[in-house]
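Need a 3D model of the sequence below.
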Amino acid sequence: MFSVPLTEDAQLRPLEPWQAAEFLAHMDRARATVDPWIPWAGVSTDLASARATLQRYADLAARDAGRLFGIWLDGTLVGGTMFVAFDATAGSCEIGCWLEPAGQGRGLVTRAVRVLIDHAVHTRGIHRVEWRCRTDNTASSAVARRVGMRLDGVLRESTPYRGVRHDLQVWSLLAPEAQQHRP
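Numbers count the residues shown, from 1 in each chain. I've put the predicted structure just below:
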């Protein structure tokens, strides 16, 4: 298993189905904070559903179409980042993230996202890295800015959440721009 240090007390590691109990405990702490932004937070409510969420990403990883990574702070899972979608043939991917309150304000997500961008662009040859977030998710759009992404536009009322449609920002970083933001 690999681990990428983010700080002296935080690491980025793969998050896999065998870690479902730890993931569920984390979701129980994080759900109120991340549910509006991460679609699977509200459905990972017991061991079976938590395992199913992790298995979905394991299946994506097996097809080279996505991957899930956890962020551990002092040995406790506090958040993560993921390739929501990954298409090496088309040269594009989408990155997302989440974080419970215990991990906030430390730059962990920004560092983790930079690791994923570096891997996607410099190891896998991805040309376009996307980031999508609701317009009211200011923390997420701030991460996109910090890693050097540009706002491409807004998809109006494209994302439903609890019966209300929300606007979605689309951010991107192109391979030539990524060199300036390497970790």
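
Using the three-state scheme, assign residue 157.
strand (DSSP: H, G, I helix; E, B strand; the rest coil).

For the nearest residue to residue 52 once chain neighbours are set aside, give me its contacts.
Excluding the flanking residues, the one nearest residue 52 by CB to CB, 6 or more residues apart in numbering is residue 44, at 7.9 Å. Heads up, the C-betas are built off the backbone N, CA and C, glycines and all. For residue 44, the contact set (CB atoms under 8 Å, 6 or more residues apart in numbering) comprises 23, 24, 27, 50, 52, 53.

What about those, which one has the most neighbours?
Ranked by the number of neighbours (other CB atoms under 10 Å), the contacts of residue 44 place residue 27 first, at 26 neighbours.

Residue 24 and residue 89, how far apart?
Separation of residue 24 from residue 89 (CB to CB, to the nearest Å) stands at 35 Å.

where are the low-confidence patches of the protein?
1, 181-183 (pLDDT under 70).

quick one: which two of the contacts of residue 44 are the most distant?
Distance extremes for those: the farthest pair is 27 and 52 at 12.3 Å, using CB to CB.

partners of the helix or strand harbouring residue 81 in the sheet?
Using DSSP states H and E, residue 81 sits within strand 76-87. Strand 76-87 pairs in its sheet with strand 67-73 (antiparallel), strand 92-99 (antiparallel), by DSSP bridges.
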